[in-house]
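In: sequence unknown, structure follows:
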């Protein structure tokens, strides 16, 4: 797992980790994302996810220089209770979750524009 070194940092902060992160651009190419533990360490030319707590749930934040056409990740260590909102909902993405897996995409070919925003919010059991 290419995210293994960052996942250990999250175990000290949260009771779960994000694993098996796959993000694609509008052509189906995988976008390489790095899971970080704080947003202050952003470097231009790289793509990042980080997690912040909010209202009893968690926001998955992102910074990317590429448009996002779809994503999938697992929340290991907890079961998902809900997943919604953020740039995913603003851009009419379908957000599906079951067990520990979150999947976001658009049937209409919509994208989440490059930049920095909330990808989505989720709650765990």
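Out: Great, that's in hand. These numbers come from a predicted model, not from an experiment.
In: What count of nearby residues applies to the residue lying closest to residue 98 once chain neighbours are set aside?
Out: With CB to CB, 6 or more residues apart in numbering as the criterion, residue 98 has its nearest non-adjacent residue at 7.5 Å, and that residue is residue 80. Heads up, the C-betas are built off the backbone N, CA and C, glycines and all. Counted with other CB atoms under 10 Å, the neighbours of residue 80 add up to 18.
In: what do you get for residue 103?
Out: With other CB under 10 Å as criterion, residue 103 counts 16.
In: same question, residue 54
Out: Residue 54 has 11 neighbours, counted by other CB under 10 Å.
In: Pretty sure it sits against residue 123.
Out: No. Residue 54 lies out of contact with residue 123 (CB atoms under 8 Å); the separation is 10.1 Å.
In: Select the longest strand from this structure.
Out: strand 115-124 (DSSP state E).
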